[in-house]
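>>> Sharing a sequence plus its predicted fold:
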Amino acid sequence: MSLYFLCFILFGIGIYCLLVKKNLVKKIVGLGIAEYAVNLFFILLGYKNNGEAPILDKSIIAGNFVDPLPQALILTSIVIGLGVTALMVGIVIRLYEKYRTFDIDKIRKLKG
């Protein structure tokens with residue numbers, strides 16, 4: 001089984017949690033799962049078997065180097081994802097303080 005297929009399954013689990021679950025905390029966890037599945041997929045795209053670090057030396061002319069760009073982009077993605085997750089948790093905490101529930105359907109009923 002390919003690792004790309006496992007990333008797709010992990011992404012599907014995250015999207016399932018986002019679309020089906022009614023609990024806001026479960027939706028946050030689902031978004032995190034989907035986000036890290038995409039991050040893992042991009043890291044796998046930059047991977048090479050028996051790859052070397054992309055540090056050039058005068059004795060090395062050409063080699064089997066690993067692409068460092070996906071790694072740099074994923075580090076940025078992790079930081080942005082952490083900020084988004086912290087914002088979502090803050091909003092969910094405020095909703096819980098106001099409505100005393102994490103269920104979206106109950107919040108909609110109490111709101112109107």
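Received the coordinates, thanks. This structure is a prediction, so every number in the text was calculated from the model and none was measured.
>>> Which elements pack onto the lengthiest helix in the chain?
Determined from DSSP state H, the single longest helix within the chain is helix 69-99. Other elements packing on helix 69-99 under the criterion 3 or more C-beta pairs under 8 Å, 6 or more residues apart in numbering; DSSP states H and E are helix 24-45, helix 104-111. For glycine as for every other residue, the C-beta is placed from the backbone atoms N, C-alpha and C.
>>> which residues are contacting the first one?
Counting by C-beta atoms under 8 Å, 6 or more residues apart in numbering, helix 24-45 makes contact with 3-4, 7-8, 10-11, 13-18, 21, 70-71, 73-74, 77-78, 81, 84-85, 88-89, 92, 95, 102-104, all of which sit outside it.
>>> Give me the buried positions along that helix.
For helix 24-45, burial by neighbour count (16 or more other C-beta atoms under 10 Å) applies to 24, 27-41.
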